[in-house]
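Q: everything below, folded, please.
(one chain, ligands or ions: 1)
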Amino acid sequence: MKEAASGAAGLAPRTPAVRVVGAHKSFVRPEGVQTVLQDISLDVAPGEFICLLGASGCGKSTLLNLVAGLDEPSSGRIEVAGGRPALMFQEHALFPWLTAGKNIELVLRLRGVPRPERRARAEELLSLVRLQDAYDKRVHELSGGMRQRVALARALAQDSEVLLMDEPFAALDAITRDVLHEELTRIWQETGVSVLFVTHNVREAVRLAQRVVLLSCRPGRIAREWTIDMPQPRRIEDPAVAELSAEITDQLRKEIRRHGRH
Ligand SMILES: Nc1ncnc2c1ncn2[C@@H]1O[C@H](COP(=O)(O)OP(=O)(O)OP(=O)(O)O)[C@@H](O)[C@H]1O
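A: Numbers count the residues shown, from 1 in each chain. Reported below is the predicted structural model:
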């Protein structure tokens, strides 16, 4: 786990946790070459929390996959500090035949953490996501929110400097999502991990991020970004959150209209 202090944004400039330089991504499809991402340059500072926002299909997941190393840019460069980033998706992807604790220990084992330390570390991570009693629970015994907590604990078990999240709370009900926003903010502050969080939910982006980056569509380019210095923890119903969300939603609508979609 990183020291919280090492994640504090706003200190002297350091090597970015993620650096994307002039990244393009095209896919060859039956109807021709489709440029999905064009000239994306983006730095994530150590300990920074960025939300990547954009309409459906504009390339958010594609960009996240490039940063994750799951795919390669057609041109341009991507650098990630501290090895492979940790990943978390909308689907928890936990192994149903393993308990919550063993799901986490599996990651620790793959990282080479010695067996005697694994259980204690898994319990520590479960406490971090406030599921200290769930070690022996199987996936089917857990609610949707609890499953995502375990998935978060498992992602953190990788001890990566960078956490990539692709709409991790999109399938949850509003109240559960709200609680998980609080937990994620707390965990981000406690661990100092750098977060790149993909969402198409504007309020969620403003609730969570220090910086919101809006992608345009077809091709996906960085259209605008907003730095948010409202203190955390914020509430989704805070007037300032609502006000900025309205402004960003306007921009998002303009982007969608410009490309004649939806
Ligand atoms: N492996 C692939 N081969 C061909 N086309 C792809 C591939 N991956 C993504 N695409 C295309 O790239 C575009 C962007 O997709 P992507 O999933 O990145 O968008 P998104 O912004 O994450 O959308 P959503 O919010 O709906 O998840 C889409 O048109 C998609 O069809």
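
Q: residue contacts, the closest residue to Gln158 other than its chain neighbours?
A: Of all residues not flanking Gln158 in the chain, Ala86 sits nearest, at 4.2 Å (Cβ to Cβ, 6 or more residues apart in numbering). All C-beta spots, glycine's among them, are computed from the backbone N, C-alpha and C. By Cβ atoms under 8 Å, 6 or more residues apart in numbering, Ala86 lies in contact with Ala155, Leu156, Gln158, Ser160, Val162, Leu163, Leu164.

Q: can you tell me which of those has the most neighbours?
A: Counting neighbours by other Cβ atoms under 10 Å, Leu164 comes out on top of the contacts of Ala86 with 29 neighbours.

Q: quick check, pLDDT for that one.
A: Per-residue confidence at Leu164 stands at 98 (pLDDT).

Q: and for Gly82?
A: Listed pLDDT for Gly82 reads 87.

Q: helices of the stretch 51-200 of the chain, residue ranges please.
A: 60-68, 100-110, 115-128, 144-156, 174-191 (DSSP state H, counting those that start in this stretch).

Q: extract the CA atoms of stretch 89-96 and return them as CSV.
A: Extracted in CSV, the C-alpha atoms of stretch 89-96 (Å, rounded to 0.1, in the frame of the first residue of the first chain):
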residue,chain,number,x,y,z
PHE,A,89,-14.9,-3.3,-14.1
GLN,A,90,-18.7,-3.1,-13.9
GLU,A,91,-18.8,-6.9,-13.5
HIS,A,92,-16.9,-8.0,-10.4
ALA,A,93,-15.3,-10.9,-12.2
LEU,A,94,-14.8,-12.7,-8.8
PHE,A,95,-14.4,-16.5,-8.9
PRO,A,96,-17.7,-17.9,-7.6
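
Q: quick check: residues of the stretch 151-262 of the chain near the ligand?
A: Within the stretch 151-262 of the chain, the residues that sit near the ligand (Cβ under 6 Å from any ligand atom) are His200.

Q: spatially nearest residue to the residue in the stretch 101-250 of the chain that the ligand sits nearest to (excluding sequence neighbours)?
A: Going by Cβ to the nearest ligand atom, the ligand is nearest to His200 of the stretch 101-250 of the chain, at 5.1 Å. Once flanking residues are discounted, His200 sits nearest to Ser56: 6.1 Å by Cβ to Cβ, 6+ apart.

Q: and for that neighbour, the neighbour number?
A: Neighbours of Ser56 (other Cβ under 10 Å): 10.

Q: pLDDT at it, what is it?
A: pLDDT at Ser56 comes out at 88.

Q: and the gap between the residue nearest to Gln158 and Ala209?
A: Ala86 is 18 Å from Ala209, where distance means Cβ to Cβ, to the nearest Å.

Q: ditto for Ala17
A: In this view, Ala17 and Ala209 are 15 Å apart by Cβ to Cβ.
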